[in-house]
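Novice: next one to model:
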Amino acid sequence: MAATLQVYDPIAPCLTQPQKTRHSLDKLAGKTIGFIDNAKPNFNHLVQELSRELTVRHGVKAVVTRRKRSASQGVPEAALAELVTQTDAVVAGSGD
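Specialist: Below you'll find the model as predicted:
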């Protein structure tokens with residue numbers, strides 16, 4: 001008797017068109033850095049420390065933080081649009 005083996009492809013189809021990416025930053029001085037808080041505990045403490053270090057040590061002009069409702073949800077479109085227009089780079093964060 002022959003056995004049957006089912007194999008599933010774990011790769012999801014791409015639902016959006018590829019976007020042009022920005023070039024890497026040559027320096028942080030004078031730049032605005034964004035953080036996406038994924039709503040896990042303690043991320044706010046990490047962002048506070050990172051913001052201070054980025055500002056004092058690297059001359060970052062400003063830090064913008066936007067919080068997701070939960071770790072399992074995506075970034076709200078309005079918050080994402082705001083980060084895209086107001087920042088030079090964005091860091092997606094995690095805490096615990």
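Novice: can you pull out the low-pLDDT segments for the protein?
Specialist: Within the chain, the stretches with pLDDT under 70 are 1, 12, 15, 18-19, 21-23, 95-96.
Novice: where do the helices sit along this protein?
Specialist: 43-58, 77-86 (DSSP state H).
Novice: adding distance to Lys27 and mean neighbour count, write those out as CSV.
Specialist: No exception for glycine: its C-beta is placed from N, CA and C like everyone else's. Formatted as CSV, the helices of the chain follow (distance: least, C-beta to C-beta, whole Å; neighbours: other C-beta atoms under 10 Å):
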stretch, distance to Lys27, mean neighbour count
helix 43-58, 8, 14
helix 77-86, 19, 13
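Novice: nearest to Val7, of those?
Specialist: Evaluated with C-beta to C-beta, the helices of the chain place helix 77-86 nearest to Val7, the distance being 35.4 Å.
Novice: from the chain's centroid, how far away is the closest one?
Specialist: 11 Å (C-alpha atoms, centre = their mean, to the nearest Å).
Novice: what's the answer for stretch 89-96, then?
Specialist: 5 Å.
Novice: need the contact partners of that stretch.
Specialist: 22, 25, 31, 33-38, 40-47, 50, 71, 83-84 (C-beta atoms under 8 Å, 6 or more residues apart in numbering).
Novice: grab the nearest non-local neighbour of His58.
Specialist: Spatial nearest neighbour of His58, chain neighbours left out: Leu28 (4.0 Å); criterion: C-beta to C-beta, 6 or more residues apart in numbering.
Novice: surely the one you found touches Leu54?
Specialist: Yes: using C-beta atoms under 8 Å, Leu28 is in contact with Leu54, at 6.4 Å.
Novice: give the residues shared as contacts by these two.
Specialist: With C-beta under 8 Å, 6+ apart, Leu28 and Leu54 have common neighbours Val60.
Novice: can I get the helices of the chain in TSV with distance to Pro13?
Specialist: Shown next, in TSV, are the helices of the chain (distance: least, C-beta to C-beta, whole Å):
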stretch	distance to Pro13
helix 43-58	31
helix 77-86	21
